[in-house]
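Novice: Let me see the structure of the following:
(chains A and B)
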Amino acid sequence: MASPKETKKETCSAEDLSVIDRVCGGNVNEFAVLVEKYKSYVASITAKHVPREAVPEVTHEVFISAYSSLSTFSRDSAFRHWLAALAVRRAYDYWRRAYRTREVPTSQLRPAHQEWLENSAAGKAAGEHAAQEWIRDGREVLGLALRELSPADRMLVTLVYFDGCELNEAAALLGWSKANVKVRVFRLRTKLRSIINSLLEA
Amino acid sequence: MSDKHSAIDRILKDLKQVYLTPQAVPLDQQWTARVMRDVRRASPEEEPEITLIWRFAWTGTLCSLVLAAWVLLHGANIDDQLENLYLQRVSGDTVFAEQVTPL
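Specialist: As a prediction, the model looks like this:
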């Protein structure tokens, strides 16, 4: 996800505003312009938070939410930032649903994962030829580690520790209070290290 | 202990790199068509509850004003009617009293 820090002062483009006005005025088909323009951007955000196979579905939900609440869009900020916040919230919803219905992947630590962890711990970088494999195995290890966290903690870890969001940015993206985020992040620091440690010792 | 600490730091750094590696998920025209089909079915967000509360409040105020105006216009008649009712009741009582007094 493009960090909100990068474009903090960015405002909504005149082109987007014009399309939004037409959609709000009843021309629903104009919404396709926004879908086409931002679908790759939104998919790139959801792809970081949910499994690859769920990306089309969650991205779909983001655009339906965007259409339903288009009248609440604050026009003094960039449309893509608003979409980014919606994408993060829909990804969070995805994990809440998955945990509730116990559809969280139950894969186990395989030898390939153990090898990845050992190589990483030893500081061995992947060679060019193995880069794709290294990323694939790394994603699976990441999935195993995040599975140990609640949906809320999972979202915070990825936003704060991996995306590098500041606490107030993460709070704004998730629609939580800064105090709530601060307390959770403080606990997560040790929890994440403990999870990695247990994977390393498995 | 320090070695383990550093090893975990390196793993976290690599996991961050993996996380940040872009993952292309192509969304074709059929996907866009499905989104637009559902957009046409979806209705824009309902009016916020606070607006509905204000609407009820305004309706209530308007009804009260209409009622107050009606009372002012027809107030005299109501007074007359109430007075008549009162007199009828009083006279009725008197009649009843007269009927029982002879004892």
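Novice: Need the three-state assignment for residue A:165.
Specialist: Reducing the assignment at residue A:165 to three states with DSSP: H, G, I helix; E, B strand; the rest coil gives coil.
Novice: ok, how many other residues are close to it?
Specialist: 23 (other CB atoms under 10 Å in any protein chain shown). The way it works is simple: take the backbone N, C-alpha and C, and place the C-beta from them, glycine included.
Novice: ok, the closest residue to it other than its chain neighbours to residue A:23 distance?
Specialist: Nearest non-adjacent residue to residue A:165, counting by CB to CB, 6 or more residues apart in numbering or on different chains: residue A:159, 4.6 Å away. Taking CB to CB, to the nearest Å as the measure, residue A:159 and residue A:23 are separated by 29 Å.
Novice: next one: residue B:56
Specialist: Counting by CB to CB - residue B:56 and residue A:23 are separated by 30 Å.
Novice: So for these two, which sits in the more crowded spot?
Specialist: The residue with more neighbours, out of residue B:56 and residue A:23, is residue A:23; 22 against 10, by other CB under 10 Å.
Novice: contacting residues around that one?
Specialist: A:30, A:31, A:34, A:67, A:70 (CB atoms under 8 Å, 6 or more residues apart in numbering or on different chains).
Novice: Of these, which belong to helices?
Specialist: A:31, A:34, A:67 (DSSP state H).
Novice: For chain B, tell me which of the residues you listed show up nearby.
Specialist: A:31, A:67 (CB under 8 Å from any CB of the partner chain).
Novice: Relative to residue A:191, how far out is residue A:124?
Specialist: 26 Å.
Novice: One more: residue A:87?
Specialist: 25 Å.
Novice: same thing with residue A:118?
Specialist: For residue A:118, the distance to residue A:191 - CB to CB - is 22 Å.
Novice: cool, and residue A:201?
Specialist: Taking CB to CB, one finds residue A:201 at 16 Å from residue A:191.
Novice: Neighbour count for these two, which is higher?
Specialist: residue A:191 (14 against 8).
Novice: got a list of what that one touches?
Specialist: Here residue A:191 is in contact with A:149, A:153 (CB under 8 Å, 6+ apart).
Novice: before we move on, which element is it in?
Specialist: helix A:178-201 (DSSP states H and E).
Novice: Was I right to think residue A:184 contacts residue A:153?
Specialist: Yes: counting by CB atoms under 8 Å, residue A:153 is a contact partner of residue A:184 at 6.4 Å.
Novice: Those two: which has the busier surroundings?
Specialist: A side-by-side neighbour count of residue A:184 and residue A:153, using other CB under 10 Å, places residue A:184 first with 20 against 17.
Novice: Give the closest residue to the more buried one in space, chain neighbours not counted.
Specialist: Leaving aside its sequence neighbours, residue A:184 sits nearest to residue A:156 (CB to CB, 6+ apart; 5.5 Å).
Novice: Understood, closing this out.
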